[in-house]
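[1] Got a predicted structure plus its sequence, pasted below:
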Amino acid sequence: MVVRRNSFVKVNASNKNAPGYSGSRKDASYIMHSTTNGFTPEIIKGYEKVLDRFPGGHRRKSKTDADVICPVHDDHNPSLGVDLRQNGAGPKVVLNCRSQGCGYSEILQAVGLTDADLELQEKNAAMAYGCTLEAYAASKNLPVEFLTSDDVALEDGTCYVKELGDEVPAVEIPYADRDGELLTNRYRIAVGGDDKFRWEKGSTTTLYGLHKLEEAHDAGYVLLVEGESDCHTAWYRGLPAVGVPGVDNWRDEWAEHLNGISKIFVVVEPDEAGKKLWRTLVECNALAGRLRKVVI
Ligand SMILES: [Zn+2]
């Protein structure tokens, strides 16, 4: 089952077959060259300061990607990747000696930097809004090619954030029905932090991944997870999963989507939200006798 959202997606999807497409991450970032991947100018400036610490020739590939001369091995052709990425804690400069695999701490030592110097802080927490597909994929350790495949159909988009009074880069997450028809979109507006999502205006919330229920029926089980990203991880591993969009949002009427599936593995995160989700589901009579708790 694929998500049929609109013709625009199909145009995007068909690009995969275009000449020159190799499906590599490099290509995905190439497409992003003209943008700053959601990083603020301050963060880009901080990244450039880190870059300046590396002597010798630089090969700047984009606002957020550069190859420099590795200060540890005898490097003549810039082979040390110094790239700005978003991780769970925020923007971080990552180092990768592609030629010799030189050690992280040795590289830092050679240019007089510490690990903390590579964690770039946003001056203003509000600036942490904004999420691109590439940043999302990196933070979840999932390939962009998978996340943009017809089955998941994520897209780079923008979303208006009232608190900022501005639009920010956002990942558009299509919610489909059992047949893969688009019901609504949810926007991921931040990689981390407490305020990560917005619904499309006028949305009726539902379970995420209803188009995967056929697979779940065939398998005889389903993973019930919290949020979209755990679905993405499960789907990537070939496991049928549906997601509750926020533990406070469960509605008992959604249980009917799970009718006929004998085993429902509830993936419970070891925090208050996880406990709450489990309590809510246990109270739902329609699921009685089929729930199994999986603590991660
Ligand atoms: Zn090296």
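    Nice, thanks for sending it over. Worth saying up front: this structure is predicted, and the values here are computed from it rather than measured.
[2] Name the nearest residue to Val50, ignoring sequence neighbours.
    Using CB to CB, 6 or more residues apart in numbering and skipping residues adjacent in sequence, the residue nearest Val50 is Val93, 5.0 Å away. Backbone N, C-alpha and C define where each C-beta goes, glycine included.
[3] can I assume that neighbour is in contact with Gln86?
    No - the criterion here is CB atoms under 8 Å, and Val93 misses it with Gln86 at 11.2 Å.
[4] Contacts only, for the closest residue to Ala286 other than its chain neighbours.
    Excluding the flanking residues, the one nearest Ala286 by CB to CB, 6+ apart is Ala255, at 3.6 Å. By CB atoms under 8 Å, 6 or more residues apart in numbering, the contact set of Ala255 is 284, 286-287.
[5] Pick out the residue in the stretch 101-250 of the chain sitting closest to the ion.
    Cys102 (3.2 Å; CB to the ion).
[6] ok, that residue touching Ile69?
    No - applying CB under 8 Å as the test, Cys102 and Ile69 come out as separate, 11.5 Å apart.
[7] Find the residues that touch each one of those two.
    Common neighbours of Cys102 and Ile69 (CB under 8 Å, 6+ apart) are Leu80.
[8] The closest residue to Asp252 other than its chain neighbours and Glu134, how far apart?
    The spatial neighbour of Asp252 that comes closest, neighbours along the chain excluded (CB to CB, 6+ apart), is Cys284 at 5.0 Å. Distance of Cys284 to Glu134, computed by CB to CB, to the nearest Å: 37 Å.
[9] same deal with Ile261?
    Taking CB to CB as the measure, Ile261 falls 34 Å from Glu134.
[10] just to revisit the earlier point, need the per-residue pLDDT for the residue nearest to Val50.
    Per-residue confidence (pLDDT) for Val93: 95.
[11] do the same with Lys263
    Lys263 is assigned a predicted lDDT (pLDDT) of 97.
[12] isn't it right next to Arg290, touching?
    Yes - the pair Lys263 and Arg290 passes the contact test of CB under 8 Å, sitting 6.3 Å apart.
[13] Give the residue spans of the stretch 101-250 of the chain that score low on pLDDT.
    122-127 (pLDDT under 70).
[14] Now Gln100: phi and psi?
    Torsion angles at Gln100 (phi, psi; degrees, to the nearest 10) stand at phi -120, psi 0.
[15] wouldn't it be in contact with Val72 here?
    Yes - assessed by CB under 8 Å, Gln100 is found in contact with Val72 at 7.4 Å.
[16] rewinding a little: which one of Lys263 and Arg290 has more residues nearby?
    The residue with more neighbours, out of Lys263 and Arg290, is Arg290; 18 against 13, by other CB atoms under 10 Å.
[17] How about that one: what's its closest non-neighbour residue?
    Nearest residue to Arg290, sequence neighbours excluded (CB to CB, 6+ apart): Ile264, at 4.9 Å.
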